[in-house]
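Undergrad: next input, structure requested:
(one chain, ligands or ions: 1)
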Amino acid sequence: MTVRRLLVFGRSGQLATALGRLADPAIWDIALVDRTMVDFSEPRQALSALRQQPDFDVAINAVACNDVDGAETDARDAQTVNCETPGLLAEHCAATGRPFLHVSTDFVFRGRPGGGYVETDTPHPLNAYGRSKLAGERRVLDAGTRHAVFRTAWVYSADRRNFVTAMLDLVGRQERVRVVADQIGNPTFADDLALALLKAAGVLDRSEAKGGLFHLAGTGQTSRSALAERVFELAAPLLGNGPAVEPITSDDWPTPAVRPTDASLRSDSFATTFSHQMPHWETSLPTAVHAWCRNALSARAKP
Ligand SMILES: NC(=O)c1ccc[n+]([C@@H]2O[C@H](COP(=O)([O-])OP(=O)(O)OC[C@H]3O[C@@H](n4cnc5c(N)ncnc54)[C@H](OP(=O)(O)O)[C@@H]3O)[C@@H](O)[C@H]2O)c1
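TA: Sure thing, here's the model as predicted:
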């Protein structure tokens, strides 16, 4: 089998980093494209920059404007980065016969008791970020039948700022931390997401394959406060006890953007279509927590 060229938009983000590390060189020749090469805030320039990229077979878009609260005051940039530019790039990929894999979010849903959203459920975003991501999904899917959109949730890794590493940063610094208990979601390890997308990319690379919309998040769901407690339990043998978690409600922690309560996703359709089951969030969390702790300990040991 010849090695296929995979173009990834994004370089230093959680997903892009994991894709760069995990893509099997026997299958993929991967090129990671950062914002100095393709700036998603400038749709026309991004398109001409893409036209100048060396030939590629499949594209994965790991770029996003993920500033959920910031999007409430700068909805324009979120709309450009999350919708307009992906739409243009996806149209170019369709016109040149390449599949475009795009990543979206559970925040396209308003949340409901029990969550468990599937792809046929009607989206209803509560905030500007969610609206920009929903518009982006539609632009990408309208652009080509081999394109696919993957909605994920609560992405974490050991190397970038995210909820898990933000909690770990508090160990040894705070005695208590207040964490919302009424927001439920699927913690998703960036490595698991990357491996699943690489599997999907291999399938969609076949010319007869059809894309579509898929949910793709860690199996199982939990609350923010329970996740924080689990992170501290896992870190304790390495770093000592973390802060005591005080569960609060979203009303106790007002933010510019309203967040869904339980927008947890079911990824069964992805598992069936691509023969790939996402690991349970509790299985993957120790890998990221322990890697972060080891890095922190070796940084502390340096003179
Ligand atoms: N993180 C989550 O909890 C979460 C939840 C649901 C869905 N998702 C979705 O999952 C996907 C991957 O997320 P992630 O966690 O890997 O995101 P991330 O770590 O925040 O990375 C986002 C990437 O986008 C790049 N970027 C932002 N604005 C750009 C611009 N104008 N031009 C070019 N590049 C730009 C960033 O570049 P710089 O490093 O240069 O800033 C970064 O590489 C995204 O589609 C996101 O919406 C994430």
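
Undergrad: what number of residues lie near residue 192?
TA: Neighbour count of residue 192, defined by other CB atoms under 10 Å: 26. To be clear about C-beta, it is placed using only N, CA and C from the backbone, and glycine gets the same treatment.

Undergrad: relative to the whole chain's centre, how far out is the helix or strand encompassing it?
TA: Here residue 192 sits within helix 190-204, counting by DSSP states H and E. Averaging C-alpha positions (CA atoms, centre = their mean, to the nearest Å) puts helix 190-204 12 Å from its chain's average.

Undergrad: list the buried residues of it.
TA: 190-198, 200-204 (16 or more other CB atoms under 10 Å).

Undergrad: where does residue 190 land on pLDDT?
TA: Note on residue 190: pLDDT of 98.

Undergrad: tell me the spacing between it and the ligand.
TA: With distances taken as CB to the nearest ligand atom, to the nearest Å, residue 190 is found 6 Å from the ligand.

Undergrad: am I right that that residue is in contact with residue 154?
TA: No - counting by CB atoms under 8 Å, residue 190 sits too far from residue 154 to count as a contact (10.8 Å).

Undergrad: regarding this protein, what is its longest helix?
TA: helix 281-301 (DSSP state H).

Undergrad: and the helices in the stretch 201-303 of the chain, which stretches?
TA: 224-239, 268-274, 281-301 (DSSP state H, counting those that start in this stretch).

Undergrad: same check, this time on the stretch 51-200 of the chain
TA: Assigned helices in the stretch 51-200 of the chain, in chain order: 70-73, 75-79, 85-95, 128-143, 163-169, 190-204 (criterion: DSSP H, counting those that start in this stretch).

Undergrad: list the buried residues in the fifth one.
TA: Spelled out, it's helix 163-169. Those would be 163-165, 167-168, for helix 163-169 by 16+ other CB under 10 Å.

Undergrad: got a list of contacts for that helix?
TA: With CB atoms under 8 Å, 6 or more residues apart in numbering as the test, helix 163-169 has contacts from 154, 156-158, 177, 179, 187, 224, 227-228, 231-232, 235, 239, 242, 285, 288-289, 292-293, 296.
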